[in-house]
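> 3D model of this:
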Amino acid sequence: MKSTVKPATKSPTECLVRHVYPVATILLLGLALWPGVARAQSNVRAAEKIARQGDKHLKSENYHRAWEYYDRALALDSNSVRALANGGVANLLLYANPQAACLLQKACDLDPRFDDQLRYWLGRAYHLTGQTDQAVNEYNKYLQTLPAGDSRRDEVNRLLTQARFLKTYAGSPTDHTVQNLGENLNSAYADYSPILTSDEKTLIFTSRRTEEKKTTQTPRGDDFEKMYSATRFFDGSWGKPTLIGDQHNKKNHHVSNVQLFDHDRKLLVYRSDRFGSLMTAEREGAGWSEPVALNKFTVTRDYESSGFVYEPDSSVYFASSKDSKDGNLDLFVTRKETAGQWSAPQRLSPLLNTDQDEDAPFLAADGQTLYFSSRGHDGMGGYDVFKATYNPANRTWSRPVNLGYPTNSPADDIYYVANDSTGVGYVSSNRMGTLGGPDIFRVSLPLSVVVNGYVTNRNNQQPLPGYTIQLTPLTKKEDDLVAVTRSNGQYSVRVRSKNRYRLQVLRQEEVVLTEELDVPLAINENVRIVRDFPIDVPVSALPPAVARITVANLNLIRVTYQELDSLVIDGSVKHTGQPIANAQVGLREEASAEIKYRTTTDGQGNYHLGFIPGKPEDYVVEITQPGYQLASVVVLYAANQPRSKAVSTRNKNVNRIDLSTALVALEVGAKSVLGGVYFEFNSAVLRPESAIVLDRLRTFLNDNPTVRMEIGGHSDDVGTSYVNRTVSQKRAQSVVNYLISKGITKNRLTSHGYGEDAPAAPNDAEMNGRDVNRRVEITILAK
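From the prediction side, this is the model:
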């Protein structure tokens, strides 16, 4: 059954609370039927009177006040069936804890015929506390009491299916841990819809707490929805939340945050105007402007509960009751067209939408991974969070996948947001462990720890460089982890705690040692596990003393390798000869923005990346540090290049690339090469993979809003000087045009074509010299 509350008084986050309305409706049927039992003792009579006071609050869904009365009644008469049964329901809807099951079980033991809804509630209590076998048993008993054709049979059958799903998912949990953010942030009332600023130092959320002086309580005993913000301390804990300005939190209106976007300059909000609308506010100093309609499709007489603005393609995904006969929510998308008009909303694939509610869409940074919550699909109970992937090639969505247990629970799990780079997410849930109603929980994978040590020759303790350490997870289906020993025989690899691995040491492709490594759950990321491996090495297998490939900061190297070759990229990061510590070093495939391997420089400015490339790929090494320009060095797989232009790691026994880099400070006049920018042959048209590096440059300019720069185009000496200058000018302007199209103001950028006049390397002598000279270079004009 749906809520009897009018949609106009309901917010998107009301859906988190709205799920109690159907159960409360069933409960109200029981309140009219449960008779009092006459008792002689005064305590019994007093308990009955107090319990009936609780019934009044339970009927208005004020569960806090109702539980207070039932708790008092039970203190007088611990066998009061009314207080046990209705108190169990109130406790269940507030806290979803085992006490509710105990109360309801005792009521059922004392008088199983007290009411025909009692078995239903006992099943719900067992279900919400994860006791699936008992839940199924009670649901089946309740089902037997319902006549054929009773609409409640459909709900109970759905609950039976969800309980079985819960048993399956809980039997194969993911590695994630789910942690309540604690009483400093959460309250005894509903707290939900978490969103974080880009730096993840501030959390904005919605609450119905009654702590504010100007609180206006609803009949349910809580406040109208209001927005709060909290700041994260250095130790990861959260400060006390503060109310966001009164201009949003109107009296007797629901106002809820939905999303921060446009570099945290805009806030998507829900307001209970009309039947519930999505609006946007812009940052004004320390506050926010008055919200205005996002577009005409999100301010209608339908119920628009939640949404997500995806800026790269100007689209809005949102949940709405549009065209719904029973008021259920579906997911829609609308896109801004070239003329600036918004397209008519399109309902997303039937694979995503069901005959139940779908709500709270969240699109990952890749623009293709959609998270949302649904009461349909293969859920464990209430709302579950699902993930679906969009295939742009055939414009189809994959079938949604449940995020599993414990990210999801038998309660309502909704408003999931996640950081792609850290793997940390947040979800609103009224699961077991809540402080009262829905709370905000942190979802994360177990912390990782470092396993390191030395591989040495057992006979003489000499270090063995180039040996591969391969760790294969035994408890989860995950990719192997690989490290390669350095010149001093040392290796280091970061692994997930609370996991078991098969550890193998390989000499080229030969396994020379195998053992199991059990990594306990880590409480912080500073844990180190030391494993040294002395190896018996025949003389014939001792590594020859060979040179390594050296890149003298020319931003390009060509290599070839076999699929099972190990590859090491290491070196030092300096500025004017001084080491730079804690610089971020990332390795990605050239055609992808995703960083596959990360590390930081140590106190001497050194870093090390060891891996087995497998399928031949082109890679880009990106080095960043605040106060310096982005450094990008391209490592190209050169299978089709002449031998004079490439180095084979197999033929020369070289598996190590010394990629030492001198960072360029953010100073006026400073120049740096932008590696990874490519153009079509003999053209100024940017190749698609160039967008990745140029988007990094756009981010750099957004982070440094006072910087102005010149984009310089350079060429080799092939062709005439006039042609080279013309082409290089057009290419430089193409880069400028791209950045302007991404929101960088025109007056911050200039372009200049240098042609062949300023080579970075000899065109005829140095390996890859012409490749290096065909480059895009940036010069800081003002900072």
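
> Sketch out the strands for the stretch 401-550 of the chain, chain order is fine.
401-402, 413-418, 425-429, 439-444, 448-457, 468-473, 481-484, 490-496, 499-507, 510-519, 528-530, 533-535, 549-550 (DSSP state E, counting those that start in this stretch).

> er, the stretch 101-250 of the chain actually
177-180, 191-196, 202-207, 226-231, 242-243.

> Quick check: which helices or strands does the last one pack against?
So the one you mean is strand 242-243. Contact partners of strand 242-243 among helices and strands, from 3 or more C-beta pairs under 8 Å, 6 or more residues apart in numbering; DSSP states H and E: strand 226-231. Heads up, the C-betas are built off the backbone N, CA and C, glycines and all.

> Sort out which residues of the strand it packs on are buried, please.
Across strand 226-231, burial judged by 16 or more other C-beta atoms under 10 Å covers 226-230.

> that older thread, hey, least reliable of the strands of the stretch 401-550 of the chain by pLDDT?
Ranked by mean pLDDT, the strands of the stretch 401-550 of the chain end with strand 549-550 in last place, scoring a mean of 41.

> Roughly how far does Val537 sit from Gln490?
For Val537, the distance to Gln490 (C-beta to C-beta, to the nearest Å) stands at 17 Å.

> likewise Gly610?
Going from Gly610 to Gln490 by C-beta to C-beta gives 11 Å.

> So if I had to pick from those two, which one is more boxed in?
Neighbours were tallied for Gly610 and for Gln490 using other C-beta atoms under 10 Å; the higher tally belongs to Gly610 (24 against 17).

> so who does that one touch?
Residues near Gly610 by C-beta atoms under 8 Å, 6 or more residues apart in numbering: 482-484, 486, 491, 566-570.

> Let's have the residues you listed in a markdown table, adding distance to Arg774 and neighbour count.
As requested, those are exported to a markdown table (distance: C-beta to C-beta, whole Å; neighbours: other C-beta atoms under 10 Å):
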| residue | distance to Arg774 | neighbour count |
| --- | --- | --- |
| Val482 | 34 | 19 |
| Ala483 | 35 | 25 |
| Val484 | 32 | 25 |
| Arg486 | 33 | 20 |
| Tyr491 | 38 | 25 |
| Ser566 | 31 | 24 |
| Leu567 | 25 | 22 |
| Val568 | 28 | 23 |
| Ile569 | 23 | 24 |
| Asp570 | 27 | 20 |
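
> picking that back up, which stretch among the strands of the stretch 401-550 of the chain comes nearest Val299?
Comparing the strands of the stretch 401-550 of the chain against Val299 with C-beta to C-beta, the closest turns out to be strand 413-418 (21.1 Å).

> what is the orientation angle of that closest one with strand 439-444?
40 degrees (axes from the mean of the first three to the mean of the last three C-alpha atoms, to 10 degrees).

> Kindly state the beta-bridge partners for His425.
For residue 425 the amino acid is Gly, not His. Beta-bridge pairing for Gly425 (DSSP bridges): Ala418, Val443.

> so it makes contact with Tyr416?
Yes - look at Gly425 against Tyr416 with C-beta atoms under 8 Å: they come within range, at 6.0 Å.

> Which residues are in contact with each of those two?
Common neighbours of Gly425 and Tyr416 (criterion: C-beta under 8 Å, 6+ apart): 407, 443.

> Pick out whichever of these two has more residues nearby.
Between Gly425 and Tyr416, counted using other C-beta under 10 Å, the more crowded position is Tyr416 (27 against 23).

> quick one: contacts for that one?
Contacts for Tyr416 (C-beta under 8 Å, 6+ apart) come out as 360, 362, 371, 373, 385, 403, 407, 425-427, 443.

> got the residue ranges for the helices in the stretch 51-200 of the chain?
Listed in chain order, the helices of the stretch 51-200 of the chain (DSSP state H, counting those that start in this stretch) span 63-76, 81-95, 98-110, 118-128, 132-144, 152-171.

> Can I get these in TSV including mean pLDDT, distance to Ile469 and mean neighbour count?
Shown next, in TSV, are those (pLDDT from 0 to 100; distance: least, C-beta to C-beta, whole Å; neighbours: other C-beta atoms under 10 Å):
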stretch	mean pLDDT	distance to Ile469	mean neighbour count
helix 63-76	94	55	21
helix 81-95	95	47	26
helix 98-110	95	45	20
helix 118-128	96	45	27
helix 132-144	96	42	18
helix 152-171	95	33	17
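
> quick one: which of the strands of the stretch 101-250 of the chain is nearest Gly675?
Proximity to Gly675 (C-beta to C-beta) singles out strand 191-196 among these, at 31.6 Å.

> Output the contacting helices and strands for the closest one.
Checking 3+ C-beta pairs under 8 Å, 6+ apart, strand 191-196 ends up next to strand 202-207, strand 255-261, strand 413-418, strand 425-429, strand 439-444.

> Who does it pair with, and is each partner parallel or antiparallel?
Strand 191-196 is paired, per DSSP bridges, with strand 202-207 (antiparallel).

> In space, what's closest to Ser487 - neighbours in sequence excluded?
Closest residue to Ser487 apart from its sequence neighbours, by C-beta to C-beta, 6 or more residues apart in numbering: Pro465 at 4.8 Å.

> Check Leu694 too.
Tyr738 (5.3 Å).

> pLDDT on the helix or strand hosting that neighbour, on average?
Taking DSSP states H and E as the criterion, the element that holds Tyr738 is helix 721-741. Mean pLDDT, computed over helix 721-741, is 90.

> Show me what that helix is packed up against.
Using 3+ C-beta pairs under 8 Å, 6+ apart, helix 721-741 is in contact with helix 690-703, strand 708-714, strand 749-755, strand 776-782.

> TSV please, covering the ones you listed and showing mean pLDDT, mean neighbour count and distance to Glu200.
As requested, those are exported to TSV (pLDDT from 0 to 100; neighbours: other C-beta atoms under 10 Å; distance: least, C-beta to C-beta, whole Å):
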stretch	mean pLDDT	mean neighbour count	distance to Glu200
helix 690-703	90	18	15
strand 708-714	92	23	28
strand 749-755	90	19	30
strand 776-782	90	18	29
